[in-house]
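Novice: take this sequence and fold it.
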Amino acid sequence: MELDRSDLTFKKILRFWYPLAATWIMMSLEGPLLTALIARMVEPKYNLAAFGVAFSFALIIEAPVIMIMSATTTLAKNYFSFLKLRKFIYSINVVVTLFMLILLIPQIFDFVVYKLISLPQEVADLTYKGIIIMLPWPGAIGYRRFYQGLLIRNHLTRRVAYGTMVRITSMATSAFIMYNLKLDGIIVGSGALSIGVTIEAIATRLMANKVIKKIKNTSQVDTQNLTYKQIVIFYYPLAMMSFLALGINPIVTFFLGKSYMALESLAVLPVVNSLVFIFRAVGLSYQEVVIALVGEKHENYSVLKNLAFVASSILTFILGVIALTPLSALWFLKISGLTEQLAHLAIIPAIIMIIYPAVTLLVAWQRAVLVHSSKTIHLTLATLAEVSVMFIILFIGIKYLGMVGVVAAALAFVIGRSASNVYLIFPLRKVEK
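Specialist: Okay, the predicted model is just below:
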């Protein structure tokens, strides 16, 4: 359904936004569900740690494809642009899958997990299984985000949500089947993720059929059509931003492996992140909303900015209520299934990360305006600032202050993202003018 962008109001934005927010929220429920299952299986501490490590590797390898949805939403203006972008992303999909395979070469894998991260052998062996199972993950992510961007550009955000419903259903079904088969927790977690995202990718492609036919029939030959050089110039900073942002996960894992209460921190961090990500998901979904609705001349800039501040305040309040009240014990003990020791350890980092969803939403709004203005280089620089600050905090906190690893990680995530937010203020002011 085409949205009238004239006289844009909070109500109109929310009507466009809620399917995308629902999509991200549904995806955010994957983590709590899978970690809750793993926590209730044999050797939960080792399997939770391995799941967190394997997932962090999968995230950094998929980094080059993460922003393809924003690229498609911005650049797929006609059928010829669509074809160029499709070839571009398919090529990237092949490359990231090859990188996943390279990581599985025993000599390379052993160097990374033993020499760099210092994982216990029990965790390393389980991690290897998880990465093998997640081989389809990066390619499937790139494939479905490409077609999701096409749906968003054509104001079909509900179809994106439908695809995610398919993903969650298939993921949960496969997870419970494997859980009842008494497989290792890492197999349950990694297998369910791979199955879910692969089925979602297929469903999204099918739902995009009519859109593809429509733009094919309405496109005219244009000498100004998109070129591969233009795509690379536009997308390279976005890919670098994603690589830097997701690359911090193995770095965090590296520091946690050398921290005080290392194994406990490795087990707890994915559980805390899963809770916080439910709220961060709302902010992450706002980026495509702003790109699609801000207007060619940024005529809707102010109303989108105001909604970003309102929504960030609400997210902070709700997460604060959970983290600062007995609801936190309910979440970590009863829902997540952690032991009392691990649940107690999770509370402090959860409190530290109360404002993390808010700064994530504000950064998403800043990034979206700059992407729409083709000022993508600033996203890379902002992420470089974020990663640098995080590295410094982790290094000082763990090496010199002897902090519990998961607490240092929580501080690094929040302060690092805030640094990115501060940096983006300055290029954004130029766009406002």
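Novice: just checking, what packs against the lowest-mean-pLDDT helix or strand in the chain?
Specialist: Least confident element among the helices and strands of the chain, by mean pLDDT, DSSP states H and E: helix 228-257 (a mean of 84). Packing contacts for helix 228-257, counted by 3 or more CB pairs under 8 Å, 6 or more residues apart in numbering; DSSP states H and E, involve helix 44-66, helix 68-75, helix 79-103, helix 262-293, helix 377-394, helix 405-432. Quick note: C-beta positions are derived from backbone N, CA and C, even for glycine.
Novice: angle of it against helix 44-66?
Specialist: With axes from the mean of the first three to the mean of the last three CA atoms, to 10 degrees as the criterion, the two stretches helix 228-257 and helix 44-66 enclose an angle of 160 degrees.
Novice: so which of the helices and strands packed on helix 228-257 is nearest Arg167?
Specialist: Counting by CB to CB, Arg167 lies closest to helix 262-293 out of the helices and strands packed on helix 228-257; the figure is 13.6 Å.
Novice: before we move on, the earlier item: list the buried residues for the least confident helix or strand of the chain?
Specialist: Judged by neighbour count using 16 or more other CB atoms under 10 Å, the buried positions of helix 228-257 are 231, 234-235, 237-257.
Novice: for the helices and strands packed on helix 228-257, which one sits closest to Gln148?
Specialist: Shortest distance between Gln148 and the helices and strands packed on helix 228-257, using CB to CB, is found for helix 68-75: 5.2 Å.
Novice: endpoint to endpoint, stretch 332-341 covers what distance?
Specialist: End-to-end distance of stretch 332-341 (CA to CA, to the nearest Å): 10 Å.
Novice: any low-confidence regions in this protein?
Specialist: Low-confidence segments of the chain (pLDDT under 70): 1-6, 219-224, 433.
Novice: mind redoing it with 50?
Specialist: 1, 223 (pLDDT under 50).
Novice: show me where the stretch 101-250 of the chain has helices.
Specialist: Assigned by DSSP state H, counting those that start in this stretch, the stretch 101-250 of the chain shows helices spanning 106-110, 121-133, 137-153, 157-180, 185-207, 209-218, 228-257.
Novice: return the distance of the last one from the chain's centre.
Specialist: So the one you mean is helix 228-257. Put simply, helix 228-257 sits 12 Å off its chain's centre (CA atoms, centre = their mean, to the nearest Å).
Novice: repeat that for the fourth one.
Specialist: What separates the centre of helix 157-180 from the centre of its chain is 17 Å, taken as CA atoms, centre = their mean.
Novice: next: the fifth one.
Specialist: In terms of CA atoms, centre = their mean, the gap separating the centre of helix 185-207 from the centre of its chain is 15 Å.
Novice: Phe426: neighbour count?
Specialist: A count of nearby residues for Phe426, using other CB atoms under 10 Å, gives 10.
Novice: Leu327 touches Val321, doesn't it?
Specialist: Yes. Counting by CB atoms under 8 Å, Leu327 sits close enough to Val321 to count as a contact (6.8 Å).
Novice: any idea how far Ala281 is from the closest residue in space to Phe277 that isn't next to it in sequence?
Specialist: Spatially, and ignoring its direct neighbours in sequence, Phe277 is nearest to Ser28 (4.5 Å; CB to CB, 6 or more residues apart in numbering). Taking CB to CB, to the nearest Å as the measure, Ser28 and Ala281 are separated by 4 Å.
Novice: more crowded one of those two?
Specialist: When Ser28 and Ala281 are compared on other CB under 10 Å, the one with more neighbours turns out to be Ala281, at 23 against 20.
Novice: skipping adjacent residues, who's closest to that one in space?
Specialist: Counting by CB to CB, 6+ apart, the residue nearest Ala281 is Trp24, at 3.5 Å.
Novice: ok, the closest residue to Leu345 other than its chain neighbours - contacts?
Specialist: Excluding the flanking residues, the one nearest Leu345 by CB to CB, 6+ apart is Val268, at 5.2 Å. Taking CB atoms under 8 Å, 6 or more residues apart in numbering as the definition of contact, the neighbours of Val268 are Leu338, Leu342, Leu345, Ala346, Pro349, Val406.
Novice: where's the fifth one relative to Ile251, distance?
Specialist: Using CB to CB, one gets 17 Å for the distance from Pro349 to Ile251.
Novice: and the third one, by the same measure?
Specialist: Look at Leu345 and Ile251: by CB to CB, they are 21 Å apart.
Novice: list the buried ones in stretch 187-207?
Specialist: Within stretch 187-207, the residues scored as buried using 16+ other CB under 10 Å are 187-201, 203-205, 207.
Novice: please save the CA atoms from that stretch in PDB.
Specialist: Backbone C-alpha positions of stretch 187-207 (Å, rounded to 0.1, in the frame of the first residue of the first chain) are rendered in PDB as follows:
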ATOM      1  CA  ILE A 187      23.500 -28.000  17.300                       C
ATOM      2  CA  VAL A 188      20.000 -26.900  18.400                       C
ATOM      3  CA  GLY A 189      20.900 -23.200  18.400                       C
ATOM      4  CA  SER A 190      23.000 -23.100  15.200                       C
ATOM      5  CA  GLY A 191      20.700 -25.500  13.300                       C
ATOM      6  CA  ALA A 192      17.600 -23.600  14.100                       C
ATOM      7  CA  LEU A 193      19.100 -20.300  13.100                       C
ATOM      8  CA  SER A 194      20.300 -21.700   9.700                       C
ATOM      9  CA  ILE A 195      17.000 -23.400   9.000                       C
ATOM     10  CA  GLY A 196      14.900 -20.300   9.900                       C
ATOM     11  CA  VAL A 197      16.800 -17.800   7.900                       C
ATOM     12  CA  THR A 198      17.000 -20.000   4.800                       C
ATOM     13  CA  ILE A 199      13.300 -20.600   4.700                       C
ATOM     14  CA  GLU A 200      12.700 -16.800   5.300                       C
ATOM     15  CA  ALA A 201      14.900 -16.000   2.400                       C
ATOM     16  CA  ILE A 202      12.900 -18.300   0.100                       C
ATOM     17  CA  ALA A 203       9.600 -16.800   1.300                       C
ATOM     18  CA  THR A 204      10.800 -13.200   0.900                       C
ATOM     19  CA  ARG A 205      11.900 -13.900  -2.700                       C
ATOM     20  CA  LEU A 206       8.400 -15.400  -3.500                       C
ATOM     21  CA  MET A 207       6.700 -12.400  -2.000                       C
END
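Novice: what count of nearby residues applies to Pro427?
Specialist: The burial count assigned to Pro427 is 19, neighbours taken as other CB under 10 Å.
Novice: okay but it is in contact with His378, surely?
Specialist: Yes. Under the contact definition of CB under 8 Å, Pro427 touches His378, with a separation of 4.2 Å.
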